[in-house]
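Colleague: Okay, predicted coordinates and the sequence, questions at the end:
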Amino acid sequence: MREQPNERIATDAIKAWKLTAQLIAIIPLLITIGAFVAAYYLEFLSFWIGAVLVVLTVLEWIISIVILPKLRWRRWRYQIYDQEIYIQHGILIVTRTVVPMIRVQHVDTQQGPILKKYGLSTLQISTAATTHEIPALLEEEAADLRDQISELARVEQDDV
């Protein structure tokens, strides 16, 4: 079996993922609290059912903000070789992907408002079949990798 890749994404990815999780988790939390309050005053749901829903929603919020970003960061690794790109990610199910350089069609960097706040970018590697991502790299590192992969893919295509 192949050794796991050495390169890691930026540690600020944890902060960016926590912020994203907070923004996403606030919607179900507000809906659950609203349903709980409505059920309490309109008496169409038991108080205990509403309380359990609120507790479960808060637990989900804590897990998605405190635990998952750190685990996700620990599992994300990548390695760029002359002939291929090796990507590994996943918390419970670890996915290992090898992208041959000869299959790379183009490479992009992408940056939304949350990644921009932390000076991060996502590297997207497109093949004919799919697009692979290496998320939350430092902006300069993402640009350098984009250029490096583009050059390596061009060399591979010239050799064929």
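Modeller: Thanks, I have the structure now. Numbers count the residues shown, from 1 in each chain.
Colleague: for the helix or strand where residue 17 lies, which positions count as buried?
Modeller: Using DSSP states H and E, the element containing residue 17 is helix 12-42. Within helix 12-42, the residues that qualify as buried are 12-21, 25, 32, 35-36, 39, counting by 16 or more other C-beta atoms under 10 Å. Yep, even glycine has a C-beta here, placed from its N, CA and C like the rest.
Colleague: Return the closest of these with respect to residue 91.
Modeller: Using C-beta to C-beta, residue 17 is the member of these that sits closest to residue 91, with 12.0 Å.
Colleague: residue contacts, the residue nearest to that closest one when sequence neighbours are not counted?
Modeller: Leaving aside its chain neighbours, residue 17 sits nearest to residue 69 (3.9 Å; criterion: C-beta to C-beta, 6 or more residues apart in numbering). Residues near residue 69 by C-beta atoms under 8 Å, 6 or more residues apart in numbering: 13-14, 17-18, 21.
Colleague: cool, and residue 56?
Modeller: Contacts of residue 56 by C-beta under 8 Å, 6+ apart: none found.
Colleague: 10 Å - rerun?
Modeller: Listed by C-beta atoms under 10 Å, 6 or more residues apart in numbering, the contact set of residue 56 reads 28, 32.
Colleague: what about the chain, any weak spots by pLDDT?
Modeller: Filtered on pLDDT under 70, the chain yields the residue ranges 44-47, 156-160.
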